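**Student:** Sequence unavailable; structure follows:
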């Protein structure tokens, strides 16, 4: 019998994030600081709208691209938040989470078998590279540097481009580093993008969670909107991970092809989630503000704690992650994380789960209560003291 499995799928590495979660679930008194998910419940008024939609019998398919009301609210939201205008009828696709938008966007752009390249700055979200491979592209990694606060520079971008480069993934605010790109950073890379005629897939799922001014989208930089697929959603900013709802905004000719793939693979995003998301966009600003302020308090606590224990960490201004450096201890990220879990029952994610250049770093999520963070950081400090005494 011939091998029934697709080689490109078999060759994909499993996510490096799950290993420690599986172990910690079996450990008594263990604390995990690894999950990239809000610890807040979806606000009640949003849940109520989802419940009401079920009670009203709104259980049928929506149009493939999504509810008209939701697409209108998405456009209103983006106009208000980032100053970019989209046509709700032609330039918006409602997806099953932001991840589907990334996958469908790549498949709509890439011609398999032609050696087209997708640039992926790392450390970054684990799905970009596999999605590029499954779309038939060659992923090309740009290693971001701590001395640049893990921002993408014009020089790094220019050096990575070849005549086969077609797409740039722009993952800011960043998971796992918490890095952001400010307006001047985006203005610096925009001429390089335009010079080489690249398409940008800008993953802005953490756009509501920034702590240094307002988020700036690459689509808001002159000449960039027409060559950008903006990916966003409701999981992080509105604490709606389980609702599985995101969206993509792009020029009409790109959205048409993305919708075609979405139509055949998915049909439409969950109807109940779409009605709840309308309520989130219309009346959720105060909820987002409250959650952002809580995250910022936790972020500042962690930065102060690291300073007190002498643990090197650049200050991140986005998402809900910190990315401390543990190179001083002479062990790999995985060794450090494994020993910390075994000795102090604290689970964190090795930086290498997000790319080889994450070696020497750890991702610590602060999507946890201050009480849990204080206990976990106390254990981490105890562990570090022992390492330094050895």
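**Tutor:** Nice, thanks for sending it over. All values reported here derive from a predicted model rather than from experimental measurement.
**Student:** Could you give the number of residues near residue 290?
**Tutor:** 12 (other C-beta atoms under 10 Å). For the C-beta atoms, the positions are set from N, CA and C on the backbone; glycine is no exception.
**Student:** Which of the helices or strands spans it?
**Tutor:** helix 285-309 (DSSP states H and E).
**Student:** Same question for residue 12.
**Tutor:** With DSSP H and E as the test, residue 12 turns up in no helix or strand.
**Student:** ranges for the helices of the chain?
**Tutor:** Using DSSP state H, the helices of the chain run over 7-10, 18-24, 44-55, 68-82, 97-109, 128-134, 154-160, 183-195, 252-265, 271-283, 285-309, 333-344, 370-389.
**Student:** Which strands and helices lie in contact with the third one?
**Tutor:** Read that as helix 44-55. helix 271-283 (3 or more C-beta pairs under 8 Å, 6 or more residues apart in numbering; DSSP states H and E).
**Student:** buried set for the helix holding residue 290?
**Tutor:** Judged by neighbour count using 16 or more other C-beta atoms under 10 Å, the buried positions of helix 285-309 are 287-288, 291-292, 294-296, 298-299, 302-303, 305-306.
**Student:** closest to residue 81 among those?
**Tutor:** Using C-beta to C-beta, residue 288 is the member of these that lies nearest residue 81, at 10.3 Å.
**Student:** Quick one: residues contacting that closest one.
**Tutor:** Residue 288 makes contact with 208, 237-238 under the criterion C-beta atoms under 8 Å, 6 or more residues apart in numbering.
**Student:** For burial, what's the neighbour tally of the residue nearest to residue 354 when sequence neighbours are not counted?
**Tutor:** Nearest non-adjacent residue to residue 354, counting by C-beta to C-beta, 6 or more residues apart in numbering: residue 123, 3.8 Å away. Residue crowding around residue 123 was assessed by other C-beta under 10 Å; the count is 26.
**Student:** So residue 123 sits against residue 144, correct?
**Tutor:** Yes. With contact defined as C-beta atoms under 8 Å, residue 123 reaches residue 144; the gap is 6.7 Å.
**Student:** what is in contact with the two at once?
**Tutor:** Counting by C-beta under 8 Å, 6+ apart, the residues touching both residue 123 and residue 144 are 150, 177, 357.
**Student:** picking up where we left off before, which of the contacts of residue 288 has the most neighbours?
**Tutor:** residue 238 (25 neighbours).
**Student:** Identify the nearest residue to that one in space, disregarding sequence-adjacent positions?
**Tutor:** residue 280 (4.7 Å).
**Student:** ditto for residue 243
**Tutor:** residue 273 (4.1 Å).
**Student:** before we move on, what about residue 312?
**Tutor:** Per C-beta to C-beta, 6+ apart, closest to residue 312 is residue 325, 4.3 Å.
**Student:** Surely the one you found and residue 333 touch.
**Tutor:** No. Judged on C-beta under 8 Å, residue 325 makes no contact with residue 333 at a distance of 9.9 Å.
**Student:** The two - which one has more neighbours?
**Tutor:** More crowded of residue 325 and residue 333, by other C-beta under 10 Å: residue 333, with 24 against 17.
**Student:** That one and residue 368: what is the separation?
**Tutor:** From residue 333 over to residue 368 the distance is 20 Å, taken as C-beta to C-beta, to the nearest Å.
**Student:** Okay, now the unreliable bits of this structure?
**Tutor:** Residues of the chain that meet the criterion pLDDT under 70 lie in 18-25.
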